[in-house]
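J.: Give me coordinates for this.
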Amino acid sequence: MTKRPGTIKYLWLLRHGKAAPNGLQGGGDKERPLTGRGRRDATAFGHRLAAGRGVFGLHDVPLPDVAICSAASRTRETADLVLVAMGKEIPLESFHSLYGAGPATVLQYIRELDDSRESALVVGHNPTMYQLAWELLPRADIESDGDDAGTGGGRSTLQNHGFPTCALAVLRLEVASWGDVDHECGSLAGVVSPPY
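T.: Numbering: from 1, shown residues only. The predicted model follows:
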């Protein structure tokens, strides 16, 4: 099937980097900072994005041109490190309501993105990031086989890969508008995890 201009959106779902245990730094769960490993993974991920289109073997996938994240310390720090290392100025907004949010809430924020944006990065928490990726992929994908590169296979590839800290799922959404994003509208372009 040939892609028609304006009929595809791309969604990069990134779980935050590894964070310090609750209470270790004082404050509550929302204030947990990244560990050294979390900072390294987020920075390395951003450096990979700085290489440009085609990163992680995603040759037809444009890099994110807008980003949103939870306002929790670990997600905001992850997003900031990624964008600085990426070396590209893209808009980033953080939202308190994305902390502790389920997939339906994150999906609502995605639907409100400006349609001039072709590709979006969402930095959030698990299990929500994994669940949202799962819900956007067709149910039939669980029966298909993925390949070793982490592309294809949809739900089965996502399930087999897992979703550790700083893991990324990239979805190709068959929609002309962000407002049309709904369950089972996407396909898995790739899923990757650190080390980057």
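J.: Tell me the helices and strands packed up against the lowest-mean-pLDDT helix or strand in the chain.
T.: In the chain, the helix or strand scored least confidently by mean pLDDT, DSSP states H and E is helix 155-161, which has a mean of 93. Under the contact definition 3 or more C-beta pairs under 8 Å, 6 or more residues apart in numbering; DSSP states H and E, helix 155-161 sits against helix 128-136, strand 186-192. Heads up, the C-betas are built off the backbone N, CA and C, glycines and all.
J.: Looking at the ones you listed, which is nearest to Tyr10?
T.: strand 186-192 (7.2 Å; C-beta to C-beta).
J.: Could I get the average pLDDT for the closest one?
T.: Mean per-residue pLDDT for strand 186-192: 96.
J.: what angle separates that strand from helix 128-136?
T.: Orientation check (axes from the mean of the first three to the mean of the last three C-alpha atoms, to 10 degrees): strand 186-192 against helix 128-136 gives 140 degrees.
J.: quick thing: my sequence starts at 306, can you match it?
T.: Yep, numbering from 306; the last one is strand 491-497 now.
J.: Give me the sheet partners of strand 491-497 and which way each runs.
T.: Strand pairing for strand 491-497, determined by DSSP bridges: strand 473-478 (antiparallel).
J.: Now find how far off-centre the partner strand is within its chain.
T.: How far strand 473-478 lies from its chain's middle: 7 Å, per C-alpha atoms, centre = their mean, to the nearest Å.
J.: Stretch 339-359 now?
T.: 13 Å.
J.: start to end distance for stretch 358-375?
T.: This stretch, stretch 358-375, spans 26 Å end to end (C-alpha to C-alpha, to the nearest Å).
J.: how about low-confidence regions in the protein?
T.: 306-311, 328-331, 446-458 (pLDDT under 70).
J.: Please enumerate the helices of it.
T.: 341-355, 378-391, 408-416, 433-441, 460-466 (DSSP state H).
J.: can you pull the buried residues of stretch 474-485?
T.: 474-480, 483 (16 or more other C-beta atoms under 10 Å).
J.: I'd like the residues you listed written out as TSV, with distance to Asp419 added.
T.: As requested, these are exported to TSV (distance: C-beta to C-beta, whole Å):
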residue	distance to Asp419
Ala474	22
Val475	20
Leu476	18
Arg477	19
Leu478	15
Glu479	19
Val480	14
Trp483	8
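J.: Now Gly392: closest residue in space, sequence neighbours ignored.
T.: With C-beta to C-beta, 6 or more residues apart in numbering as the criterion, Gly392 has its nearest non-adjacent residue at 4.9 Å, and that residue is Ala355.
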